[in-house]
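A.B. asks: sharing a model that was predicted from the sequence below.
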2 protein chains.
Amino acid sequence: MSEQATRVRRADAVRNRDALLETAKRLFADRGSEVTFEDVARAAGVGKGTLYRHFANRDQLIAAVLRDRFDTLTAEAERLATRHEPDVAVDTWLRSFDSYPTSDRSLAASISEGLTDARSAVSTACTPMKDAFTRLLATAQESGSVRHDVDAQQLLTVIAGLPDGHRDETGSSPFLDVVLRGIR
Amino acid sequence: MSEQATRVRRADAVRNRDALLETAKRLFADRGSEVTFEDVARAAGVGKGTLYRHFANRDQLIAAVLRDRFDTLTAEAERLATRHEPDVAVDTWLRSFDSYPTSDRSLAASISEGLTDARSAVSTACTPMKDAFTRLLATAQESGSVRHDVDAQQLLTVIAGLPDGHRDETGSSPFLDVVLRGIR
DNA sequence: ACCTGAACACCGTTCAAGT
DNA sequence: ACCTGAACACCGTTCAAGT
């Protein structure tokens, strides 16, 4: 019970953290990456010191906002690996990865940075997803359905960086097909 | 001679503008987009008020830094259009567009923004280039060598956004080949 | 243990005073 | 006509005081 003590949190702290995360998701979705750290705190009804208590900096707040989506994508990669042919699995997964929910649309730059720069908090959050996709891609390459000169991390960075405009209602880019054809 | 009067500039003003532009190119190349506006002014040996006198804001300084490259690329597009088959012209030009000189490498985000957002100063600077490539691409599409569902502006935005890492010594991305295959 | 908001640091931008 | 740097605005971050 002594090591359990570190996990005890006051009810108001839990409430505040949840409110901050929900508020951040909503504001990023509504107004993009221009939202101020202070905006988030005020909209959540707390002081900005509280925001910093729960999220050490902007990067960590963004990582927390994205974590749900990363976890879902990790699980999907593992599921696809066991149930589909390698080429179908890669295509299907990349379509999911490219389909931004509105709440994450404005955070694409942070995702690109997280995939590339290991020092960012987003990098820690997306590593399991990156590893799961790397395995998926390697299998497809071994089976001969994807070119061997394509690097998983680079491929994800390219797709994460596809422009926001011209996406359909599911949030998928018209350019994804170009990339999928190009890696064959 | 009355309308000529507006073009007269004091020698020190011309000297300062040139020094600021050269300094900005060098600093962007050395230290990326993290360079401060004040850094540029100090390194050029002038006050920051002088920098603002010559370039109304950060966006206009970046547009001026990029203008030479945009003009070169515009001229190349027009040259290629008259001397090569449409598909060769498109491939060759896109390889040039993707090959960042070191001085421009860190400005890719501004180029993407300029291609997309008509309000930026970079947009004004890159419009002739965008128009020249649009014509090049349309010709290739009419000749059947490029897919009809590829939009010129989007294509340029995608290529401008290709990640910085893994480029060869000429500054070209290993992913360009994926895109070139994908648009066929 | 947690919250709050004043205070600090940084940087883009403006402008009154100067040559 | 142009230059200069102090001053302002904004925003991310810290921290002393409070509950």
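C.D. replies: Arrived safely.

A.B. asks: endpoints of stretch A:54-61, how far apart?
C.D. replies: 9 Å (Cα to Cα, to the nearest Å).

A.B. asks: and that stretch with DNA strand D, contact?
C.D. replies: Yes: Stretch A:54-61 comes into contact with DNA strand D (Cβ under 7 Å from any atom of the strand), by way of A:Ala56, A:Asn57, A:Arg58. (C-beta placed from N, C-alpha, C; glycine too.)

A.B. asks: which among these end up buried?
C.D. replies: With burial judged by 16 or more other Cβ atoms under 10 Å in any protein chain shown, the buried subset of the residues of stretch A:54-61 next to DNA strand D is A:Arg58.

A.B. asks: what strand or helix carries the residue lying closest to A:Asp117 once chain neighbours are set aside?
C.D. replies: Among residues not flanking A:Asp117 along the chain, A:Ser123 sits closest, at 6.2 Å (Cβ to Cβ, 6 or more residues apart in numbering or on different chains). Using DSSP states H and E, A:Ser123 falls within helix A:121-142.

A.B. asks: quick one: mean pLDDT for that helix?
C.D. replies: Average pLDDT, helix A:121-142: 97.

A.B. asks: repeat that for stretch A:92-107.
C.D. replies: 92.

A.B. asks: by contact count, what packs against the helix holding A:Ser123?
C.D. replies: Other helices and strands packing on helix A:121-142, by 3 or more Cβ pairs under 8 Å, 6 or more residues apart in numbering or on different chains; DSSP states H and E, are helix A:58-83, helix A:86-98, helix A:108-116, helix A:152-160.

A.B. asks: okay if I get these as a markdown table plus distance to A:Phe175?
C.D. replies: Below are those laid out as a markdown table (distance: least, Cβ to Cβ, whole Å):
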| stretch | distance to A:Phe175 |
| --- | --- |
| helix A:58-83 | 19 |
| helix A:86-98 | 9 |
| helix A:108-116 | 13 |
| helix A:152-160 | 9 |
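
A.B. asks: out of the ones you listed, flag the one nearest B:Pro163.
C.D. replies: helix A:152-160 (4.5 Å; Cβ to Cβ).

A.B. asks: send the alpha carbons of that closest one over as PDB?
C.D. replies: Provided in PDB are the C-alpha atoms of helix A:152-160 (Å, rounded to 0.1, in the frame of the first residue of the first chain):
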ATOM      1  CA  ALA A 152       8.000   2.900 -42.600                       C
ATOM      2  CA  GLN A 153       8.800   6.100 -40.600                       C
ATOM      3  CA  GLN A 154       9.300   8.200 -43.700                       C
ATOM      4  CA  LEU A 155       6.100   6.900 -45.200                       C
ATOM      5  CA  LEU A 156       4.100   7.800 -42.100                       C
ATOM      6  CA  THR A 157       5.700  11.200 -42.100                       C
ATOM      7  CA  VAL A 158       4.700  11.800 -45.700                       C
ATOM      8  CA  ILE A 159       1.100  10.800 -45.100                       C
ATOM      9  CA  ALA A 160       0.900  12.700 -41.900                       C
END
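
A.B. asks: tell me the first helix or strand C-terminal of the helix or strand where A:Ala19 lies.
C.D. replies: Per DSSP H and E: A:Ala19 is located in helix A:11-31. Next helix or strand after helix A:11-31 toward the C-terminus (DSSP H and E): helix A:37-44.

A.B. asks: that next one vs helix A:58-83, what angle?
C.D. replies: With axes from the mean of the first three to the mean of the last three Cα atoms, to 10 degrees applied, the angle from helix A:37-44 to helix A:58-83 works out at 80 degrees.

A.B. asks: show me what the helix or strand of chain A with the lowest mean pLDDT is packed up against.
C.D. replies: Taking mean pLDDT, DSSP states H and E as the measure, helix A:108-116 is the helix or strand of chain A with the lowest mean score, a mean of 92. Judged by 3+ Cβ pairs under 8 Å, 6+ apart, helix A:108-116 is in contact with helix A:58-83, helix A:121-142, helix A:152-160.

A.B. asks: follow-up on the earlier one: quick one: closest of the helices and strands packed on helix A:121-142 to DNA strand C.
C.D. replies: helix A:58-83 (13.4 Å; Cβ to the nearest atom of the strand).

A.B. asks: buried sites along the closest one?
C.D. replies: Those would be A:58-67, A:69-70, A:73-74, A:76-77, A:80-81, for helix A:58-83 by 16+ other Cβ under 10 Å.

A.B. asks: which strands or helices does it pack on?
C.D. replies: Checking 3+ Cβ pairs under 8 Å, 6+ apart, helix A:58-83 ends up next to helix A:11-31, helix A:37-44, helix A:86-98, helix A:108-116, helix A:121-142.
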